[in-house]
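J.: just need the structure, nothing else, for what follows:
(2 chains)
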Amino acid sequence: MKKRVLAMILTTALSALTLAGCGGGGSSTTGGSAAPATSGGGTAAAGGSFKIGAIGPMTGDGAAYGLAVVNGSKLAVDEINAAGGVNGFMLEHKGEDDELNNEKSMNAYNTLKDWGMQILVGPTTSGCTIAVSDLAHEDSMFLLTPSGTAVDCVKYDNAFRVCFSDPAQGTESAKYMAEKGIGSKYAVIYDSSDPYSSGIYESFNAEAAAQGLEIVSAEAFTSDSNKDFSVQLQKAKEGGADLVFLPIYYNQASLILKQAADMDYHPVFFGCDGMDGILTVENFDTSLTEGLILMTPFSADATDDLTVNFVKKYQEQFGEVPNQFAADAYDGVYAIKAAIEKKNLTPDMSTEKICKGLMEAFPEITISGLTSSSLSWDASGEPNKEPRIFAIEGGKYIVQ
Amino acid sequence: MSFLNYLINGLSLGSVYAIIALGYTMVYGIAKMLNFAHGDIIMVGSYLVYSSMTMAGLHPVLSILIAVIGCMVLGVVTERVAYRPLRGASSSLAVLITAIGVSYLLQNLSLLIFGADPKAFTSVITWKGITLFDGALQIRGTAIVTILVGLVVLFGLQAFIRHTKSGQAMLAVAQDKGAATLCGIDVNRTIAITFAIGSSLAAVAGVLFCSTYPTITPYIGAMPGIKAFVAAVFGGIGSIPGAMIGGLTLGVIEILSRTYISSQLSDAIVFAILIVVLLVRPTGLLGKRVMEKV
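T.: Below is the predicted model:
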């Protein structure tokens, strides 16, 4: 009997609390989404606000990328809000973790949609972007991936990207090697279980053949065996390669550099944007990276005002030096701002209408951002910009 | 000559698998449970060495000692808290699931403490290794040390089990828990010792693994853990020399198939061979066929 009384009291108390919660909700702004935003500053602006979601791996293997995308886009949102918003409307921002996993990325998308997302900046990686773009296409949600490089990331007309595609990276890399005459025999080590890596490899291979570059060994590994590279390096060494092309992420690249040094093999290593971050590996012997060449759109060491300002703010807020993923995401948010202004979009429009407006606006805008002084798009979703090449000297990126 | 190079690389990789497999096989042989958290104890060991050596600046030997003792304590504590209460449970699945839970707990805890960014491990083995035949054959210092440590651990364990009271008690518990209790053997204590030894071996394996492949993330234990489990089954789970042979064979097959067949299919080949071995010898290479008495 006593127990039942206690239960009654608890139930009453709970329902009272719930009701109180509802009552409180009534005092907040417009209907629909009463929950206060996680970030984004002044949310209760007169005409509501645009809700921008960001997705990327914030924990796990690619955390450095996902955190950068979420933080970089948040920084842009905060700046825009502080400067008065977009056409007087504020931006709201929320980041979700996908742990570099396709299913979790789709869950993250749905979580953000429940939150009321109208525009998506993300996902961060290719596999996740392809998975989420199906959902975004069905929902007519505008998708701008800062760093999804696989061709299929922008196969739908509502999907755009800030970075170069994989084929563009592979092609540009081979062209650069041929033009500058670096290396005479080439080896490639790539991750066949990753569409990013194998995508770059394929286009590199095609362009290398066209340019007449001699590839002596092209060896793959998979995500289940990405620790031991003795075989791949040994084959490159035996083939006499003096340039090893590494279209892979920096985690594995750091192991490759170490293992190559251990076997006394010192070719020129050449990476793409996945290599960016290699200097941030804690306790990593950066002397191993001396002479490494990489094609990446952003360097925190650049001295133009925009970059210096961005790096300073980013460091103050997140305690880290931003990488290109942060810069891509930052530019992406500013591109969205420009597109919204171009078509005078408002937050009370339906998601489809906003998506349609942005799709029309993107091929018409040109912005000056961190990753390029003149960044524009064509209707297929691909950006138009010059590739930027850096070499690492003394632990710093030096523009080539 | 390059074949020899590959073979030595395979033996070195195999020795790491073997040391991990020894921990698996001991725990299975004595406690009759698969400790799926074993791989993650390797990860904890690596982080302990990393934090005491690189972050606190202690001497490498002292750091390894800290890691070994830390993992030993961790092993005993997880056994006491998570596994022992379930030992009498009607289904042996309960303790298996708990082990998977412990595995995730350890991964997420280190994710919380150390973050997801990879950390570069300073190799405790600074010896460059030896070069023979004018550089045609190169044996890395880490490979030699790993193989030697593997052998020392193997013979040390064998001697421990044959010549000490605790070792004999382990054999007895492995054979029949009930009868061992009747003989006055403290089963719980014996199993705790097994976990202590298995986990300190995991710490050693972690140090060797990270000296060879010097990037630490909270997930580094997972794949070597699975491979070592395969090695233990391959050699005959419960058998200590079996774990050693299984580990070495697995490492060599992995590297050679990557070299001569396909760098993408090496894992598939390893597991295909496992299936063939188990079809021919269901108890593994050195596993004993135990007659069930009714």
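J.: does residue A:297 count as helix, strand or coil?
T.: Assigned by DSSP: H, G, I helix; E, B strand; the rest coil, the conformation of residue A:297 is coil.
J.: and stretch B:45-56, what's buried?
T.: Within stretch B:45-56, the residues scored as buried using 16 or more other C-beta atoms under 10 Å in any protein chain shown are B:45-54. From N, CA and C alone the C-beta is placed, and that goes for glycine too.
J.: contacting residues around it?
T.: A:283, B:58-60, B:62-64, B:66-68, B:70-71, B:110, B:113-114, B:119, B:121-122, B:124, B:202-207, B:209-210, B:216, B:220 (C-beta atoms under 8 Å, 6 or more residues apart in numbering or on different chains).
J.: what subset of those is buried?
T.: Buried residues within the contacts of stretch B:45-56, counting neighbours by 16+ other C-beta under 10 Å: A:283, B:58, B:60, B:63-64, B:66-68, B:70-71, B:110, B:114, B:119, B:121-122, B:124, B:202-207, B:209-210, B:216, B:220.
J.: burial measure for residue B:93, as a count.
T.: As a burial measure, residue B:93 scores 10 neighbours (other C-beta atoms under 10 Å in any protein chain shown).
J.: I would like the residues contacting the helix or strand bottoming out on mean pLDDT in chain B, please.
T.: When each helix and strand of chain B is scored by mean pLDDT, DSSP states H and E, strand B:129-132 comes last, with a mean of 74. For strand B:129-132, contacts defined as C-beta under 8 Å, 6+ apart pick out A:262, B:137-144.
J.: can you rerun that using 6 Å?
T.: Here strand B:129-132 makes contact (C-beta atoms under 6 Å, 6 or more residues apart in numbering or on different chains) with B:138-141.
J.: again with stretch A:101-119
T.: With contacts defined as C-beta under 6 Å, 6+ apart, stretch A:101-119 is touched by A:33, A:50-53, A:55, A:94, A:96, A:98, A:123, A:127-128, A:131-132, A:135, A:142, A:336, A:351, A:354.
J.: give me the buried positions along it.
T.: Those would be A:101-102, A:104-109, A:112-113, A:115-119, for stretch A:101-119 by 16+ other C-beta under 10 Å.
J.: that older thread, just put the buried residues of stretch B:45-56 in a markdown table and tack on secondary structure and pLDDT.
T.: Output for those, formatted as a markdown table (DSSP: H, G, I helix; E, B strand; the rest coil; pLDDT from 0 to 100):
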| residue | secondary structure | pLDDT |
| --- | --- | --- |
| B:45 | helix | 93 |
| B:46 | helix | 92 |
| B:47 | helix | 93 |
| B:48 | helix | 92 |
| B:49 | helix | 91 |
| B:50 | helix | 90 |
| B:51 | helix | 90 |
| B:52 | helix | 90 |
| B:53 | helix | 86 |
| B:54 | helix | 83 |
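J.: quick one: name the residues of chain B near chain A.
T.: Contact residues (C-beta under 6 Å from any C-beta of the partner chain) of chain B with chain A: B:9, B:13, B:54, B:111, B:116-120, B:138, B:140, B:213-215, B:258-259, B:263-264, B:267.
J.: for chain A, what lies in contact range of chain B?
T.: A:59-60, A:63-64, A:192, A:219-220, A:222, A:224-225, A:227-228, A:230-231, A:251, A:254-255, A:258, A:262-263, A:281-284.
J.: by contact count, what packs against the lengthiest helix in chain B?
T.: When chain B is parsed with DSSP state H, its longest helix is helix B:2-31. If you count contacts as 3 or more C-beta pairs under 6 Å, 6 or more residues apart in numbering or on different chains; DSSP states H and E, helix B:2-31 packs onto helix B:141-163, helix B:165-175, helix B:187-212, helix B:222-235, helix B:240-260.
J.: just want the angle from that helix to helix B:240-260.
T.: Angle, helix B:2-31 to helix B:240-260, by axes from the mean of the first three to the mean of the last three C-alpha atoms, to 10 degrees: 150 degrees.
J.: mind listing the strands for the stretch 201-350 of chain A?
T.: All strands of the stretch 201-350 of chain A, identified by DSSP state E, counting those that start in this stretch, fall at A:214-221, A:243-246, A:268-271, A:293-295.
J.: for residue A:77, which of those is the nearest?
T.: strand A:293-295 (28.3 Å; C-beta to C-beta).
J.: which residue is the nearest non-sequential neighbour of residue A:171?
T.: Leaving out its chain neighbours, the residue that sits closest to residue A:171 by C-beta to C-beta, 6 or more residues apart in numbering or on different chains is residue A:207, at 4.5 Å.
J.: swap in residue B:71?
T.: Counting by C-beta to C-beta, 6+ apart, residue B:71 lies nearest to residue B:203, which is 3.8 Å off, once chain neighbours are set aside.
J.: leaving aside the residues adjacent along the chain, what's closest to residue A:149?
T.: Nearest one to residue A:149, counting by C-beta to C-beta, 6+ apart, is residue A:166 at 4.7 Å.
J.: could you check how far that neighbour is from residue A:254?
T.: Separation of residue A:166 from residue A:254 (C-beta to C-beta, to the nearest Å) stands at 22 Å.
J.: looking only at neighbour counts, state which of these two leads.
T.: residue A:166 (27 against 24).
J.: got the contact list for that one?
T.: A:149-150, A:199-200.
J.: residue A:392 in helix, strand or coil?
T.: Each residue gets one of three states, and residue A:392 gets strand by three-state DSSP.
J.: what's the neighbour count on it?
T.: Residue A:392: 21 surrounding residues under other C-beta under 10 Å.
J.: against residue A:261, how distant is it?
T.: As judged by C-beta to C-beta, residue A:392 and residue A:261 stand 15 Å apart.
J.: tell me the phi and psi of the residue in the stretch 151-294 of chain B that chain A sits nearest to?
T.: Residue nearest to chain A within the stretch 151-294 of chain B: residue B:213 (4.2 Å; C-beta to the nearest C-beta). Main-chain dihedrals, residue B:213, degrees, to the nearest 10: phi -120, psi 80.
J.: pLDDT weak spots in the stretch 1-150 of chain B?
T.: By pLDDT under 70, the low-scoring segments of the stretch 1-150 of chain B are B:1, B:90, B:134-136.
J.: what sits against the residue of the stretch 151-300 of chain A found nearest chain B?
T.: With C-beta to the nearest C-beta as the measure, residue A:284 is the residue of the stretch 151-300 of chain A nearest to chain B, at 3.6 Å. Residue A:284 is in contact with A:254, B:120, counting by C-beta under 6 Å, 6+ apart.
J.: next: residue B:107.
T.: Listed by C-beta under 6 Å, 6+ apart, the contact set of residue B:107 reads B:40, B:218.
J.: secondary structure element for it?
T.: Residue B:107 is part of helix B:93-114, with elements assigned from DSSP states H and E.
J.: separation between the closest residue to residue B:188 other than its chain neighbours and residue A:220?
T.: If the residues on either side of it in the chain are set aside, residue B:188 comes closest to residue B:84, at 6.6 Å by C-beta to C-beta, 6+ apart. Applying C-beta to C-beta, the value for residue B:84 to residue A:220 is 45 Å.
J.: settle it for me: which of these two has more neighbours?
T.: Here residue B:84 and residue A:220 are compared on neighbour count by other C-beta under 10 Å; more neighbours surround residue A:220, at 21 against 16.
J.: so what pLDDT did the more buried one get?
T.: Note for residue A:220: predicted pLDDT of 88.
J.: is residue A:119 bridged to anything, and to what?
T.: On the basis of DSSP bridges, residue A:119 is bridged to residue A:52, residue A:142.
J.: give me the pLDDT value at it.
T.: Looking at residue A:119, its pLDDT stands at 95.
J.: quick one on the thing from earlier: wait, which of the contacts of strand B:129-132 is closest to residue A:342?
T.: If you rank the contacts of strand B:129-132 by distance to residue A:342 using C-beta to C-beta, residue B:140 comes first, at 59.1 Å.
J.: which SSE is immediately downstream of whatever helix or strand residue A:170 lives in?
T.: Per DSSP H and E, residue A:170 falls inside helix A:166-180. Using DSSP H and E, the helix or strand that follows helix A:166-180 towards the C-terminus is strand A:185-191.
J.: just give me how far that next one sits from the chain centre.
T.: Offset of strand A:185-191 from its chain centre (C-alpha atoms, centre = their mean, to the nearest Å): 24 Å.
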